[in-house]
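Enquirer: Generate coordinates for the sequence data below:
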Amino acid sequence: MTSKRQEKASAQSTSAQQETTPIDPAAFWQGLQQQGTAMGQVWMNQWQQWLGGMAATGAAAPQPKVAAPAESSEVPQPVLDQLSALGLLQEEFSMRHAQLWMQFMQASASQQANAEQGAAQAATPDKRFSAPEWSQIPYFDYLRQAYLLNADFVTRMAEAAPLEDGKMRDRLRYMTRQFVDAMAPSNFAATNPEFIKTALDTKGESITRGIQNMVEDLRKGRISLTDDSAFEVGRNLATTPGAVVYENQLIQLIQYTPTTEQVYARPLLIVPPCINKYYIMDLSAGNSMVGYLVSQGYTVFMVSWKNPGQAEAALGWNDYLQLGPISAIRTVTEIAKGEVPNALGFCIGGTLLTSALAVLRAQGEKAPVHSLTLMTTLLDFANAGEIGCLIDEASVTTRELTIGQGGLLNGRELAQTFSSLRANDLIWNYVVGNYLKGNKPPAFDLLFWNGDSTNLPGPFFAWYLRHMYLQNELREPGKLEMLGVKADLGLVDMPVYLMAAREDHIVPWQSAYLSRALLGGKTTFVLGASGHIAGAINPASRNKRSYWTVEREGAKPVSQAEEWFAKATEHAGSWWVHWNDWLAERAGSKIKARQIGKTGRFASIEPAPGRYVRESASALAVEAERKQKAETA
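Expert: So this is what the prediction gives:
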């Protein structure tokens, strides 16, 4: 039994706990700084003792060794040079870490020295460590600098690795970057001073909000990049007035309502990427490319791809050509009473559109479209950007033997792959903001679109990987068969406007430039600033960024992209204005604005943006998986 003395002590303890004074954030923060400094002093003493012991015994600090090959070895000299470079790099790494320890302790010994160093360190351009706590508190300052040193070492090690295969080197770079980005101290609660400060300032509420944000994202199956509640397709995205005038199993074709009394006689057909929703071309007011084009007097038609479900899981590349751009071209031409359209293709939409034109030309059609515009599009996949390093024979064969037989590539997987190409911006930035700090991301239409993923039919995806990325057959005349004919891009002989983005990590601009040598028509090349999406969707009304052109080219453009750039002139603002001038010259005379039909074959089926764009990739993928399991049970 419990004695009265023990009961009294227990009661006093309980009472003391209930009356505990709340933690003083300032005192807690000061104590944390002192603990960090003390910990650093212990580590430094151990380091100095180790160095002293090594000196006393006359031994050298251990360095990683590179085995020298036997005289009979046939190791190439370049490989030996790389191995030697690795050894020197490891020596440098050890020396830099020793210097960092010394700097750390010198800064910790004096508050003035610490403040001076903090002021200098705070100017670092790395936004992950822009908060003053990263440089003002010695413990976190050391973590930051040690991480940056380690990151530099690992990255340089990857560059110095003795690999002759270019794709293997690219893959090593990719994996190294994933590791380096993931291991940043900013990504972890215990090593992020902003997490601690925010928790103290909010009395722990930021931790609660962060957990709630994480639970919600787990339910959605993805990290929230924006405030999803701020946007809705048809309410404040994809709102340019129009109607669906044609549809089949794979696409809806939208015709937009004119806003000018007169329009150009020649319509404009847009084929967006099928791996995303079309409304990247019709974002919120002021950011809409469609809205801009309609205001300039064009009759605009847009392909809206269906988000594939189980019913579309067996569709292949040929199906996408026939049901997509070919059907759209013929429908638009018929609506325009025989006036063939100008056509624009974006990303893989451009690859599909160009392939379709090559097929139609091989089938004998003289002029399926009047002109062709390609935005950030690959036709030659020799250097397929960062995504190309993830594609090899083994991975493609696996896809062919699984979903290639009839299944779906879940849009979530595709979105995660693209996000990993910019992990700091599209993954870890939101892990820190949403979960560690408990913030809600701000509303951003572009990132809402980025999270609205689409599935792909397995046969289509596997064919695309093999014949484009892996074997690069589209660039070779007569090599690739599509819809029963041999494709030759040289037959695509209409005028072509090629737009690339200078910082594009998906379609390197130098690779986009190679299209000039493949296509049979006269080409105009324009280079926009920024990346794959921001460079292409650069509204003229905002007058941001810049673009480069070479205005007076000879009959035959230069073959090398860098040579072209050396001759190019930079212009402030959006490339849309330059393209509009080019397009207007090929759009024909002005006629009375076309109205969307109320009756007849191409009458309005439903208002824009239509049904297909509203379909959820995750719901379709789950339903397809359920049906597939039921069929195999």
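Enquirer: what about Pro287, how many neighbours?
Expert: Small correction: residue 287 is Asn, not Pro. As a burial measure, Asn287 scores 19 neighbours (other C-beta atoms under 10 Å). Quick note: C-beta positions are derived from backbone N, CA and C, even for glycine.
Enquirer: list the contacts for it?
Expert: By C-beta atoms under 8 Å, 6 or more residues apart in numbering, the residues touching Asn287 are Asp445, Leu446, Ile537, Pro539.
Enquirer: mind running it again at 6 Å?
Expert: Residues near Asn287 by C-beta atoms under 6 Å, 6 or more residues apart in numbering: Pro539.
Enquirer: Just the buried positions in stretch 275-294, please.
Expert: For stretch 275-294, burial by neighbour count (16 or more other C-beta atoms under 10 Å) applies to 275-284, 287-294.
Enquirer: and that stretch, how far apart are its ends?
Expert: End-to-end distance for stretch 275-294: 25 Å, by C-alpha to C-alpha, to the nearest Å.
Enquirer: burial of the closest residue to Met468 other than its chain neighbours, as a residue count?
Expert: Among residues not flanking Met468 along the chain, Phe381 sits closest, at 5.2 Å (C-beta to C-beta, 6 or more residues apart in numbering). Close neighbours of Phe381, defined as other C-beta under 10 Å, add up to 22.
Enquirer: Let's see which of the buried residues of stretch 275-294 end up in helices.
Expert: Judged by DSSP state H, helices contain the following of the buried residues of stretch 275-294: Met289, Val290, Gly291, Tyr292, Leu293, Val294.
Enquirer: Just the pLDDT at the last one, thanks.
Expert: To tie it back to what came earlier, the one meant is Val294. We note a pLDDT of 98 for Val294 in this prediction.
Enquirer: what do you get for the third one?
Expert: At Gly291, the predicted lDDT confidence score is 97.
Enquirer: Tell me the spacing between it and Glu261.
Expert: For Gly291, the distance to Glu261 (C-beta to C-beta, to the nearest Å) stands at 17 Å.
Enquirer: Distance check, Lys486 against Met499.
Expert: 28 Å.
Enquirer: One more: Val369?
Expert: The gap separating Val369 from Met499 is 17 Å, by C-beta to C-beta.
Enquirer: quick revisit: and the residue nearest to Met468, that's in a strand?
Expert: No. Phe381 is assigned coil when assessed by DSSP: H, G, I helix; E, B strand; the rest coil, not a strand.
Enquirer: Isn't it up against Asn472?
Expert: Yes. Between Phe381 and Asn472 there is a contact under C-beta atoms under 6 Å: 4.5 Å.
Enquirer: which neighbours do those two share?
Expert: What both Phe381 and Asn472 touch, as defined by C-beta under 6 Å, 6+ apart, is an empty set.
Enquirer: residues in contact with the nearest residue to Ala415 once chain neighbours are set aside?
Expert: Nearest residue to Ala415, sequence neighbours excluded (C-beta to C-beta, 6+ apart): Ser453, at 4.3 Å. Applying C-beta under 6 Å, 6+ apart, we find Ser453 in contact with Gly411, Arg412, Ala415, Ala617.
Enquirer: So which residues of the stretch 401-550 of the chain form helices?
Expert: For the stretch 401-550 of the chain, the helices defined by DSSP state H, counting those that start in this stretch occupy 411-420, 423, 429-430, 445-451, 458-464, 509-513, 515-518.
Enquirer: er, the stretch 51-200 of the chain actually
Expert: 77-109, 111-121, 133-136, 138-160, 166-182, 193-201.
Enquirer: Pull the number of nearby residues for Trp576.
Expert: 22.
Enquirer: follow-up on the earlier one: in a markdown table: the helices of the stretch 401-550 of the chain, plus distance to Ala146 and mean neighbour count.
Expert: Formatted as a markdown table, these follow (distance: least, C-beta to C-beta, whole Å; neighbours: other C-beta atoms under 10 Å):
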| stretch | distance to Ala146 | mean neighbour count |
| --- | --- | --- |
| helix 411-420 | 25 | 17 |
| helix 423 | 20 | 16 |
| helix 429-430 | 21 | 20 |
| helix 445-451 | 32 | 20 |
| helix 458-464 | 42 | 23 |
| helix 509-513 | 36 | 22 |
| helix 515-518 | 46 | 20 |
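Enquirer: Including distance to Gln322 and mean pLDDT, could these go into a markdown table?
Expert: As requested, the helices of the stretch 401-550 of the chain are exported to a markdown table (distance: least, C-beta to C-beta, whole Å; pLDDT from 0 to 100):
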| stretch | distance to Gln322 | mean pLDDT |
| --- | --- | --- |
| helix 411-420 | 23 | 90 |
| helix 423 | 38 | 93 |
| helix 429-430 | 40 | 96 |
| helix 445-451 | 27 | 93 |
| helix 458-464 | 12 | 98 |
| helix 509-513 | 26 | 97 |
| helix 515-518 | 23 | 97 |
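Enquirer: Any chance of those helices in a markdown table with distance to Glu232 as columns?
Expert: Shown next, in a markdown table, are these (distance: least, C-beta to C-beta, whole Å):
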| stretch | distance to Glu232 |
| --- | --- |
| helix 411-420 | 19 |
| helix 423 | 29 |
| helix 429-430 | 21 |
| helix 445-451 | 9 |
| helix 458-464 | 29 |
| helix 509-513 | 34 |
| helix 515-518 | 37 |
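Enquirer: looking at those helices, which is closest to Ala243?
Expert: Nearest to Ala243 among the helices of the stretch 401-550 of the chain is helix 445-451; the distance by C-beta to C-beta comes to 21.8 Å.
Enquirer: With only the CA atoms kept, save that closest one in CSV.
Expert: Extracted C-alpha coordinates of helix 445-451, given in CSV (Å, rounded to 0.1, in the frame of the first residue of the first chain):
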residue,chain,number,x,y,z
ASP,A,445,-2.6,29.1,-61.0
LEU,A,446,0.4,27.6,-62.6
LEU,A,447,1.1,25.3,-59.7
PHE,A,448,-2.6,24.3,-59.4
TRP,A,449,-2.4,23.2,-63.0
ASN,A,450,0.9,21.4,-62.3
GLY,A,451,-0.9,19.3,-59.6
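Enquirer: quick one: which of the helices of the stretch 51-200 of the chain has the weakest pLDDT on average?
Expert: Across these, helix 111-121 has the smallest mean pLDDT, namely a mean of 41.
Enquirer: Roughly how far does Ala540 sit from Ser371?
Expert: The gap separating Ala540 from Ser371 is 20 Å, by C-beta to C-beta.
Enquirer: For these two, indicate the residue with more neighbours.
Expert: Applying other C-beta under 10 Å to Ala540 and Ser371 shows that Ser371 carries more neighbours, namely 24 against 18.
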